[in-house]
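Asker: okay, sequence plus prediction incoming.
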Protein chains: 2
Amino acid sequence: MTMHPFDDAISLADKGGSRFAGRTTPAFANMVGPFGGSTAAALLQAVLQHPDRQGDPLALTVNFGGAIAYGDFEVVAKPARTNRSNQHWTMEIIQNGEVTTTATAICGVRRESFDSTELGFPAVPAPGDVEEQHLPEFIAWAQNYEMRFTEGGLDPANPNPSESASSRSTLWIRETPARAVDFTALTAICDSFYPRVYLRKGAMMPASTVTFTVYFHADEAMLARQGDDYLLGSARAQRFGNGYFDQVGEVWSRDGELLATTHQLVYFKG
Amino acid sequence: MTMHPFDDAISLADKGGSRFAGRTTPAFANMVGPFGGSTAAALLQAVLQHPDRQGDPLALTVNFGGAIAYGDFEVVAKPARTNRSNQHWTMEIIQNGEVTTTATAICGVRRESFDSTELGFPAVPAPGDVEEQHLPEFIAWAQNYEMRFTEGGLDPANPNPSESASSRSTLWIRETPARAVDFTALTAICDSFYPRVYLRKGAMMPASTVTFTVYFHADEAMLARQGDDYLLGSARAQRFGNGYFDQVGEVWSRDGELLATTHQLVYFKG
């Protein structure tokens, strides 16, 4: 059986002593180095695979310190603090003796409580009523996702698109080939929104994520219920200035359960 | 000259080797242990005070792993990666040989770029037209802030408030006694919103921040222009469930500049 390209991209060999060997794959290449979403997913994968892990992911923060070269890398994932109901992790990626990426994660036990989703599920047409749109082919990682934008899509056929007053994109998204969503796949989808500045300015320009956070609202059972169905993602920037913009995003199940909220700060030149 | 209570709370002695000695102060006590906002500010202060620091803060994430006991603590702050235009830091607080808190920060150089604040400045009355409201006296740290809620205040005079359909609070806030805002003070203000679940449920209950992030949109000059004037804070939760809720927040200058955006994930029991 062939491994799914996403599982291949985040697959790690446990070397013992909280060290894991990984390597980039061409399928998840970005314009320079690997897709940040698969890097973040590999960092989470190290925690999930660690023999001392307790509980499911609650939060993940990844700081992209330096470019990762195509090839081998090492993930170090250590429990910094283990409590009765949660566990705090620190991680890093090391390549050629240098730290390229730092990260933290929190795993924990969920218990029943007051339940309310205050954020509203976006009013959107069904996935079958929205055309599929491909990001340009030179963005290799994006070819692993089926994307159906209900607003804020990129039009690769129009090299001179107009500026947009809103930086919001909303889209139905799922992996292609199909794969059931789990915590690692959800992490990567949280980083799958193309840079908001492209949309506002109507042009591509150098942009790279500096820091990226996911809050997991879904537990394992909720994710298992999704199978490989479409998820709905929506993201916007709040402020652009002095070479950086922030992004806030949401990922929903098809039937309106909020699976994750996500934030990032992005460097751009333009 | 007496030190301002906030400066006293975050003051650190540089012990060399990326280690700093701090201690909690009664003025910034919370119900159990110190106010998370002053703990986060002390972690950032270690970076700011570090002899190798380059650039101003761009982002900070603090993970509250375990309760900090009143008394002495040690902050370890190390540059993990230094690039031409930014620097990635990892920090931790150690008390009695145990890691209580992990954190990461990114400092960097800001350059002129496309500038647009897409988020709207809330429509609110001027600070002088809003009554001051004190959080209950047993929340010691809150007595260091003048708070004027324009929506979503806590009414300490009403022990049985009603539930609220919205978890949003918006308030004018400044330090008391007056102190010019800087990156550390802005950090603490980003964590000054009382737990959103109190507002939704109309009742206090155990709640504590698990992880907290600040994205700094302001640079040093923008902060210097604020002096000790009121800032406008606004925060809401997006989802409550399985014992956790998230919070998204904004802090604005009085004249409508977005200084910081902030996120946190909070444990609660109720």
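Answerer: Received, thanks.

Asker: now do the helix or strand harbouring residue A:62, average pLDDT.
Answerer: Element membership for residue A:62 (DSSP states H and E) is strand A:56-64. The pLDDT scores in strand A:56-64 average 98.

Asker: next secondary structure after it?
Answerer: With elements assigned by DSSP H and E, the helix or strand that comes after strand A:56-64 is strand A:72-82.

Asker: mind checking if that following strand is in reach of chain B?
Answerer: Yes - against chain B, strand A:72-82 shows contacts by C-beta under 8 Å from any C-beta of the partner chain at A:80-81. In this view, the C-beta of every residue, glycine as well, is placed from N, C-alpha and C.

Asker: avg pLDDT for that strand?
Answerer: The average pLDDT within strand A:72-82 is 98.

Asker: CA-only coordinates of that strand in PDB, if you can.
Answerer: Backbone C-alpha positions of strand A:72-82 (Å, rounded to 0.1, in the frame of the first residue of the first chain) are rendered in PDB as follows:
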ATOM      1  CA  ASP A  72      16.500  15.700   6.000                       C
ATOM      2  CA  PHE A  73      15.600  17.500   9.300                       C
ATOM      3  CA  GLU A  74      15.500  16.500  12.900                       C
ATOM      4  CA  VAL A  75      12.500  17.300  15.300                       C
ATOM      5  CA  VAL A  76      13.200  17.500  19.000                       C
ATOM      6  CA  ALA A  77       9.900  17.300  21.100                       C
ATOM      7  CA  LYS A  78      10.100  17.300  24.800                       C
ATOM      8  CA  PRO A  79       7.500  17.400  27.500                       C
ATOM      9  CA  ALA A  80       8.400  20.500  29.600                       C
ATOM     10  CA  ARG A  81       5.600  20.000  32.200                       C
ATOM     11  CA  THR A  82       3.100  17.300  32.800                       C
END
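
Asker: who's in contact with that strand?
Answerer: Residues from elsewhere that reach strand A:72-82 (C-beta atoms under 8 Å, 6 or more residues apart in numbering or on different chains): A:12, A:15, A:18-24, A:42-43, A:46-47, A:50, A:52-54, A:87-95, A:100, B:65-66, B:92, B:98-100, B:102.

Asker: given it, what are its sheet partners and their directions?
Answerer: strand A:19-23 (antiparallel), strand A:86-95 (antiparallel) (DSSP bridges).

Asker: and whichever helix or strand comes after the longest one, anywhere near chain B?
Answerer: Spelled out, that is strand A:86-95. Note on strand A:86-95: by DSSP H and E, the next helix or strand toward the C-terminus is strand A:98-108. Yes - Strand A:98-108 reaches chain B (C-beta under 8 Å from any C-beta) through A:98-100, A:102-104, A:106, A:108.

Asker: starting at the chain centroid, how far to strand A:98-108?
Answerer: Averaging C-alpha positions (C-alpha atoms, centre = their mean, to the nearest Å) puts strand A:98-108 14 Å from its chain's average.

Asker: give me the helices and strands touching it, please.
Answerer: Helices and strands touching strand A:98-108, by 3 or more C-beta pairs under 8 Å, 6 or more residues apart in numbering or on different chains; DSSP states H and E, are helix A:36-49, strand A:56-64, strand A:86-95, strand B:56-64, strand B:72-82, strand B:86-95, strand B:98-108, strand B:207-216.

Asker: so who does the closest residue to chain B within the stretch 151-270 of chain A touch?
Answerer: Closest residue of the stretch 151-270 of chain A to chain B, C-beta to the nearest C-beta: residue A:242 (3.7 Å). By C-beta under 8 Å, 6+ apart, the contact set of residue A:242 is B:110-113, B:115, B:217, B:219.

Asker: can you do 10 Å?
Answerer: Taking C-beta atoms under 10 Å, 6 or more residues apart in numbering or on different chains, we find residue A:242 in contact with B:56, B:58, B:108-115, B:217-219, B:222.

Asker: next one: residue A:100
Answerer: A:33, A:39, A:63-69, A:73-74, A:92-94, B:80-81, B:88.

Asker: quick one: the strands in the stretch 151-270 of chain A?
Answerer: With strands called from DSSP state E, counting those that start in this stretch, the stretch 151-270 of chain A shows them at A:169-175, A:207-216, A:231-241, A:244-253, A:258-268.

Asker: now the angle from the fourth one to strand A:231-241?
Answerer: It stands for strand A:244-253. 170 degrees (axes from the mean of the first three to the mean of the last three C-alpha atoms, to 10 degrees).

Asker: starting at the chain centroid, how far to strand A:244-253?
Answerer: The chain centre lies 10 Å from the centre of strand A:244-253; the measure is C-alpha atoms, centre = their mean.

Asker: same check, this time on the shortest one
Answerer: Put simply, strand A:169-175 sits 12 Å off its chain's centre (C-alpha atoms, centre = their mean).

Asker: also stretch A:210-226?
Answerer: Its chain's average C-alpha position is 10 Å from that of stretch A:210-226, according to C-alpha atoms, centre = their mean.

Asker: pLDDT of that stretch, averaged?
Answerer: Mean predicted confidence for stretch A:210-226 is 98.

Asker: ends of that stretch, how far apart?
Answerer: End-to-end distance for stretch A:210-226, by C-alpha to C-alpha, to the nearest Å: 30 Å.

Asker: below-threshold pLDDT in the stretch 101-250 of chain A: ranges please.
Answerer: Applying pLDDT under 70 to the stretch 101-250 of chain A picks out residues A:156-161.

Asker: distance check, residue A:58 against residue A:105.
Answerer: Per C-beta to C-beta, to the nearest Å, residue A:58 is found 8 Å from residue A:105.

Asker: and if you look at residue A:150?
Answerer: For residue A:150 relative to residue A:105 (C-beta to C-beta), the value is 31 Å.

Asker: counting neighbours, go ahead and name the busier of the two.
Answerer: The residue with more neighbours, out of residue A:150 and residue A:105 and counting by other C-beta atoms under 10 Å in any protein chain shown, is residue A:105; that gives 31 against 19.

Asker: the more buried one and residue A:89 touch, don't they?
Answerer: Yes - counting by C-beta atoms under 10 Å, residue A:105 does reach residue A:89; the two are 4.3 Å apart.

Asker: intersection of neighbour lists for these two?
Answerer: Taking C-beta under 10 Å, 6+ apart as the contact rule, residue A:105 and residue A:89 both touch A:43-44, A:46-47, A:53, A:57, A:60, A:77, A:79, B:63, B:102.

Asker: hmm, back to that, PyMOL command to pick out the buried ones of the contacts of strand A:72-82?
Answerer: Remark: buried members of those, expressed as a PyMOL selection using 16 or more other C-beta atoms under 10 Å in any protein chain shown:
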select buried, (chain A and resi 12+18+19+20+22+23+24+42+43+46+47+50+53+87+88+89+90+91+92+93+95+100) or (chain B and resi 65+66+92+99+100+102)
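
Asker: Serialize the helices and strands packed on strand A:98-108 to a markdown table and add fields for distance to residue A:236.
Answerer: Shown next, in a markdown table, are those (distance: least, C-beta to C-beta, whole Å):
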| stretch | distance to residue A:236 |
| --- | --- |
| helix A:36-49 | 18 |
| strand A:56-64 | 20 |
| strand A:86-95 | 28 |
| strand B:56-64 | 18 |
| strand B:72-82 | 29 |
| strand B:86-95 | 24 |
| strand B:98-108 | 22 |
| strand B:207-216 | 14 |
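
Asker: many thanks, we can stop here.
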